[in-house]
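Asks: turn this into a model:
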Amino acid sequence: MAVRNIFIRSFFHYSSKSQSIPRFRNQASKSISGAPGRHCRNLIVIFQRYGFLPSEVPNYLSKIKFIHTQSSEEVERLGIHEISPAAIRNVVEISVRFGLTPGDVIEHVRALVVLGFSETTITRILDIVPTAILLREDRIRDTVEFLMGIGIQKIDIDRIFGLFPAIASFSVENRLKPLLDEFRVLGFSLNEIREEVVRNPKILGFENGELSHCLEMLRSLKCRQAIKANICRDGEIRAGYEVKLRVECLRRCGLTYRDAFTVLWKEPRAVLYETQDIEKKIEFLVGKMKLKVQCLVEVPEYLGVSFDKRIVPRWNVIEFLKMRDEVWLRNIVNLSRSRFYDMYVKAYPECEKMYGRFGVFRSRSRHPVGMWKLFKPPRFPMSGEDTRNIKSNMEYLS
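Replies: Okay, the predicted model is just below:
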């Protein structure tokens, strides 16, 4: 199907189906001159359905004058059918900001169709990267040819753009080729790169040199082999991407780039936790404990322990005892269960109830009572030869 004016078609797609249009008595409907009353009200309702504020509608309609001359019957037969409200809003805002005409938008979207992208992928691109309609066709074509050059099939290219639309705005010479060279310098073959890109296209979002920093940190970890093997269970590229996500999460929470890497290097178990869990722990640290996020550099183990099983129960005890200084943060994280129980919980019955099942610590024997008799080694009678050997050894020692 030929691609025509996307946002006009989608606006009237809903207006033709609406049976009743409510009357608006506001300044928005009065400030648009030259448009018929009913048609104007239809446009206001449609804009509001796509998330525009009532105060924004007059400004957009005054700048998109051609929309008043379009009939719903004409535009109903044209365009992409499956398009999200966010994509519609993005296209309108980009058109108003850069002065694009309907013909410009049609031409740019048609270029995406010619390159073989599906309607779902085009919608994703307009939703996530609306500035892609400003790019020349040859630039996006270069990106497609670059992916085909490393052996990716055309059907996978459409999927890559759908899962990671930001690649539409990447420059091949300044972004993608240097990233490919960096992969090869790190020792990855072309087959490994291709398989990982198809499996997780978001690895193409690495900045130049970022993957090297992530893998350098992973390869220099001094932790238990089981933790390192669990981090790299899906390969080093995927592990490097997981480190990238955690670094970005820590930076959003207030740490510097260097401190974020320091925290992950000291506590690699944090890489095994989801970013939502890390954000929840930091939110609890700053909001509930009233500590600064920079204390994670001194006590990075905080991110490597269970939130529900260790942090929250122990914090309840510490808060009850009113011990609010930075010393107890390390005690919350590093003390063993029995040590923490003996120091803070055992002497206070209220704390023991508060601590719940995490506080009742009793040393239990390995076997039930009375079973030790069954595991006691049997005694054998001493022979005469054994007695003579013992006496000879004792005489030698004397």
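Asks: low-confidence ranges, the stretch 51-200 of the chain, go.
Replies: 51-86, 102 (pLDDT under 70).
Asks: tell me, how many residues neighbour the nearest residue to Cys249 once chain neighbours are set aside?
Replies: Leaving aside its chain neighbours, Cys249 sits nearest to Thr275 (4.4 Å; criterion: CB to CB, 6 or more residues apart in numbering). Heads up, the C-betas are built off the backbone N, CA and C, glycines and all. Neighbourhood size, Thr275 [other CB atoms under 10 Å]: 15.
Asks: do the same with Lys288
Replies: Counted with other CB under 10 Å, Lys288 comes out at 12.
Asks: which ones are touching the residue lying closest to it once chain neighbours are set aside?
Replies: Distances taken as CB to CB, 6+ apart place Trp315 nearest to Lys288, at 7.2 Å, with adjacent residues excluded. Trp315 makes contact with 284, 288-289, 332, according to CB atoms under 8 Å, 6 or more residues apart in numbering.
Asks: cutoff 10 Å now
Replies: 284-285, 288-289, 328-329, 332 (CB atoms under 10 Å, 6 or more residues apart in numbering).
Asks: need the pLDDT of the residue nearest to Cys249.
Replies: pLDDT for Thr275: 93.
Asks: residues touching it, list them.
Replies: Applying CB under 10 Å, 6+ apart to Thr275 gives the contacts 242, 245-246, 248-250, 252.
Asks: same thing with Ser220?
Replies: Applying CB under 10 Å, 6+ apart, we find Ser220 in contact with Trp265.
Asks: same deal with Leu163?
Replies: 121, 124, 198, 200-202.
Asks: try it again with 7 Å
Replies: Going by CB atoms under 7 Å, 6 or more residues apart in numbering, Leu163 touches Pro201.
Asks: any idea how far the residue lying closest to Pro165 once chain neighbours are set aside is from Cys253?
Replies: Among residues not flanking Pro165 along the chain, Ile128 sits closest, at 4.1 Å (CB to CB, 6+ apart). For Ile128, the distance to Cys253 (CB to CB, to the nearest Å) stands at 24 Å.
Asks: tell me, how many residues neighbour Glu145?
Replies: 12.
Asks: element containing it?
Replies: Secondary structure assignment for Glu145, by DSSP states H and E: helix 137-149.
Asks: beyond that helix, next helix or strand please.
Replies: Next element after helix 137-149 (DSSP H and E): helix 154-163.
Asks: who's in contact with Val333?
Replies: Neighbouring residues of Val333 by CB under 7 Å, 6+ apart: 299, 301-302, 305.
Asks: brain fart, Asp259
Replies: Applying CB under 7 Å, 6+ apart, the residues near Asp259 are Val297.
Asks: go with 10 Å
Replies: Counted by CB under 10 Å, 6+ apart, Asp259 has contacts 247, 250-251, 293-294, 296-297, 300.
Asks: how about Gly235?
Replies: 188, 192, 195-196, 199, 241.
Asks: which of those residues count as buried?
Replies: By neighbour count, with 16 or more other CB atoms under 10 Å, those hold 188, 196, 241 as buried.
Asks: buried set for stretch 250-258?
Replies: For stretch 250-258, the neighbour count (16+ other CB under 10 Å) marks 250, 253, 255 as buried.
Asks: can you list the domain ranges for the protein.
Replies: 1-100+124-132, 209-303, 305-365 (automatic domain parsing).
Asks: what ranges in the stretch 201-350 of the chain fall below the confidence cut-off?
Replies: The model of the stretch 201-350 of the chain has pLDDT under 70 over residues 323-328.
Asks: go ahead and confirm Val271 touches Asn230.
Replies: Yes. At 8.9 Å, Val271 counts as touching Asn230 under the criterion of CB atoms under 10 Å.
Asks: out of those two, which sits in the busier spot?
Replies: Of the pair Val271 and Asn230, Val271 is the one with more neighbours under other CB under 10 Å, namely 25 against 14.
Asks: how about the contacts made by that one?
Replies: Counted by CB under 10 Å, 6+ apart, Val271 has contacts 214, 217-218, 221, 227-228, 230-232, 239, 242-243, 245-247, 264, 278, 303-304.
Asks: would you show me how to pick out the buried ones of those residues in ChimeraX?
Replies: Selecting only the buried entries of the contacts of Val271 in ChimeraX, with 16+ other CB under 10 Å as the criterion:
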select :214,217,218,221,227,228,231,232,239,242,243,246,247,264,278,303,304
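Asks: hang on, the earlier thing: tabulate the contacts of Asp259 (JSON lines), appending distance to Phe164 and secondary structure.
Replies: Formatted as JSON lines, those follow (distance: CB to CB, whole Å; DSSP: H, G, I helix; E, B strand; the rest coil):
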{"residue": "Val247", "distance to Phe164": "19", "secondary structure": "helix"}
{"residue": "Leu250", "distance to Phe164": "23", "secondary structure": "helix"}
{"residue": "Arg251", "distance to Phe164": "21", "secondary structure": "helix"}
{"residue": "Val293", "distance to Phe164": "30", "secondary structure": "helix"}
{"residue": "Gln294", "distance to Phe164": "33", "secondary structure": "helix"}
{"residue": "Leu296", "distance to Phe164": "30", "secondary structure": "helix"}
{"residue": "Val297", "distance to Phe164": "32", "secondary structure": "helix"}
{"residue": "Pro300", "distance to Phe164": "31", "secondary structure": "helix"}
